[in-house]
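J.: Can you look at this prediction? I've put the sequence above it.
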Amino acid sequence: MLDALRNAWKIPDLRKRIQYTILMLAVFRLGTFVPVPRMDPNAVRAMIQQGALLGFFDMIAGGALTQFSIFAMSITPYINASIIVNLLTIVIPKWEELSKEGEAGRKILAQYTRYGTVILGLIQATGLSIGFRSAMKPGVLSNIVVILSLTAGTAFLMWLGEQITDKGIGNGISLLIFAGIVSRVPTSIFQMYSLIRVGTINIFMLLVLAVFGLLVIMGVIAVQEGERRVPVQYAKRVVGRRVYGGQSTHIPIKVNSAGVIPVIFAMSILLFPSTMAGFFPKSKIMTSIAQFIEPGGWLYASLYALLIVFFTYFYTAITFNPVEIANNMKKYGGFVPGLRPGRPTADYINRIMTRITLVGALFLAGIAILPYFMTAVSGLNISFGGTALLIVISVALETMKAIEAQMLMRHYQGFLK
């Protein structure tokens, strides 16, 4: 590992990318301490402690929501906009064509996502300004300042994430979430130490939590790295005096090709009723719905698990197209032994993908809701422990693979063997 890090640092282009990524993440962390004008942070902090679901978004925002900084909304409007755009690519034929047009089409859809981020940012910021109105100085000007500050902060984070993706290492949006969660680790350790001192947590319970964390880490690594390899054989072709093909290879189908996106999507959907309740504070129906799906209840856990399974399949279906893979294989003379090229091959790959994705989806759902049951048993607030570990480990693995890919291109040995 240390040798791999030293080799990575020796490569000028890779070193610049790593330095750029670190710099952008430092800018993100500094921004979490820039407060939104005309707000009382102490009043905000007291209100957030009463809502468990908001605690999750404060976690991925690196404490920015607690301090009500300009990054208080983090990149949740961007995530919601991505969900909507991806759904609309299935509904709107023109958008579906754009998704299949390669880089040019993706750029147009990315622009739509940016527009959607600003619109949803304005809506969510309005909801927050209404929800936290008791912590705000009175007046219309205060509302305008808060809404514009929060929306501008989210737009800046979106740009920051895109810059990291283009000029840095790994996925920029995922790394921003990663940085937000990791920045909360010292606070979590201090809180754990305080609970041990007052006797709330005994040695046995601490060991149980440690074993749980270790099992989650091992499980996440196993599932993220797990894959089913479909064998592919290429027929020999004679072009002039040269013979092409004849080699054997495989198609890797990952157990969890969606990564942590389904978990983040599911949490964003579950936050929607709370946002709407902020718009209509006097509405008993919206308030009741928001309270009904507060974390800890059976309904919340069930909805959370179902949404994760749904988005795992949904995101996998968007990013992995069996028909396109089968057609490309057929075009270059490839075939799965025992199957005819074309549609039979596509159906076979689709069956494997459906079965193996179910394993990944159930694992994600289990890791996400298991801490809630542990909270019910132990009485400790560890509701987001599994989700946080899942996001941190997954993003770390993805980033290591991105660095390794850059190193292998330059004939260096990577991290993962």
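T.: Here it is on my side, so go on.

J.: Correct me if wrong: T113 contacts P77.
T.: No - contact status for T113 versus P77: not in contact, 10.2 Å apart, counting by C-beta atoms under 8 Å. Glycine gets a C-beta too; all of them are placed from N, C-alpha and C.

J.: In terms of packing, which of these two has more residues around it?
T.: Between T113 and P77, P77 has the larger neighbour count (other C-beta atoms under 10 Å), namely 26 against 19.

J.: residues in contact with the more buried one?
T.: Under the criterion of C-beta atoms under 8 Å, 6 or more residues apart in numbering, the neighbours of P77 are 117-118, 120-121, 123-124, 154.

J.: what about the stretch 251-400 of the chain, any weak spots by pLDDT?
T.: Filtered on pLDDT under 70, the stretch 251-400 of the chain yields the residue ranges 274-283, 286-287, 290-291, 294-297, 376-385.

J.: Tell me which stretches of it form strands.
T.: 334-335 (DSSP state E, counting those that start in this stretch).

J.: all helices for it, in order.
T.: Along the stretch 251-400 of the chain, the stretches classed as helices by DSSP state H, counting those that start in this stretch are 261-279, 284-292, 298-319, 322-331, 343-378, 385-409.

J.: Nearest to V182, out of the ones you listed?
T.: Checking the helices of the stretch 251-400 of the chain against V182 by C-beta to C-beta gives helix 385-409 as the closest, at 6.4 Å.

J.: Give me the below-cutoff pLDDT ranges for the stretch 51-200 of the chain.
T.: 51-56.

J.: where do the strands sit along it?
T.: Under DSSP E, counting those that start in this stretch, the stretch 51-200 of the chain gives no strands.

J.: I147 touches T126, doesn't it?
T.: Yes - using C-beta under 8 Å, I147 is in contact with T126, at 5.6 Å.

J.: Count the neighbours of G102 for me.
T.: Using other C-beta under 10 Å, G102 is surrounded by 9 other residues.

J.: any idea how far it lies from L109?
T.: 11 Å (C-beta to C-beta, to the nearest Å).

J.: do R45 as well
T.: Distance, R45 to L109, by C-beta to C-beta: 38 Å.

J.: swap in I293?
T.: 31 Å.

J.: can you put the contacts of P77 in JSON lines and add neighbour count?
T.: Below are the contacts of P77 laid out as JSON lines (neighbours: other C-beta atoms under 10 Å):
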{"residue": "T117", "neighbour count": "24"}
{"residue": "V118", "neighbour count": "17"}
{"residue": "L120", "neighbour count": "23"}
{"residue": "G121", "neighbour count": "27"}
{"residue": "I123", "neighbour count": "17"}
{"residue": "Q124", "neighbour count": "23"}
{"residue": "T154", "neighbour count": "26"}
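
J.: Keep only those of these that are in helices.
T.: Within these, residues falling in helices by DSSP state H are 117-118, 120-121, 123-124, 154.

J.: Just put those in JSON lines and tack on distance to N327.
T.: Formatted as JSON lines, the ones in helices among the contacts of P77 follow (distance: C-beta to C-beta, whole Å):
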{"residue": "T117", "distance to N327": "34"}
{"residue": "V118", "distance to N327": "38"}
{"residue": "L120", "distance to N327": "36"}
{"residue": "G121", "distance to N327": "39"}
{"residue": "I123", "distance to N327": "41"}
{"residue": "Q124", "distance to N327": "41"}
{"residue": "T154", "distance to N327": "39"}
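
J.: Of these, just say which sits nearest to A326.
T.: T117 (35.0 Å).

J.: quick one: contacts for the closest one?
T.: Shown in contact with T117 (C-beta under 8 Å, 6+ apart): 77-78, 81, 154-155, 158.

J.: Farthest-apart pair in the residues you listed, please.
T.: A81 and A155 (11.3 Å).

J.: who has more neighbours, those two?
T.: Remark: of A81 and A155, A81 carries more neighbours, 22 against 16, as counted by other C-beta under 10 Å.

J.: Give me the nearest residue to that one, chain neighbours excluded.
T.: Nearest non-adjacent residue to A81, counting by C-beta to C-beta, 6 or more residues apart in numbering: G116, 3.3 Å away.

J.: Count the neighbours of that neighbour for me.
T.: 19.

J.: Show the contacting residues for it.
T.: Taking C-beta under 8 Å, 6+ apart, we find G116 in contact with 80-81, 84-85.

J.: Ok, E227 next?
T.: Contacts of E227 were listed using C-beta under 8 Å, 6+ apart, and they are 252-255.

J.: Now a PyMOL select for only the buried ones of these.
T.: The buried residues among the contacts of E227 can be selected in PyMOL (16 or more other C-beta atoms under 10 Å) with this line:
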select buried, resi 253+254+255
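
J.: Check the contacts of E227 against V27 and report the nearest one.
T.: Ranked by distance to V27 (C-beta to C-beta), the contacts of E227 are led by K254 at 32.3 Å.

J.: Check the gap between the closest one and V223 for me.
T.: Per C-beta to C-beta, K254 is found 9 Å from V223.

J.: same deal with L14?
T.: L14 is 28 Å from V223, by C-beta to C-beta.

J.: Around P341, how many other residues sit close by?
T.: P341 - counted by other C-beta under 10 Å - has 17 other residues nearby.

J.: Please report how far the residue nearest to it when sequence neighbours are not counted lies from S69.
T.: Among residues not flanking P341 along the chain, K330 sits closest, at 4.0 Å (C-beta to C-beta, 6+ apart). Counting by C-beta to C-beta, the gap from K330 to S69 is 54 Å.

J.: same deal with L157?
T.: To S69, L157 is 11 Å away according to C-beta to C-beta.

J.: re the thing from before, present the helices of the stretch 251-400 of the chain as JSON lines; the columns should include distance to D58 and mean neighbour count.
T.: Shown next, in JSON lines, are those (distance: least, C-beta to C-beta, whole Å; neighbours: other C-beta atoms under 10 Å):
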{"stretch": "helix 261-279", "distance to D58": "12", "mean neighbour count": "21"}
{"stretch": "helix 284-292", "distance to D58": "17", "mean neighbour count": "14"}
{"stretch": "helix 298-319", "distance to D58": "18", "mean neighbour count": "18"}
{"stretch": "helix 322-331", "distance to D58": "40", "mean neighbour count": "16"}
{"stretch": "helix 343-378", "distance to D58": "16", "mean neighbour count": "18"}
{"stretch": "helix 385-409", "distance to D58": "12", "mean neighbour count": "19"}
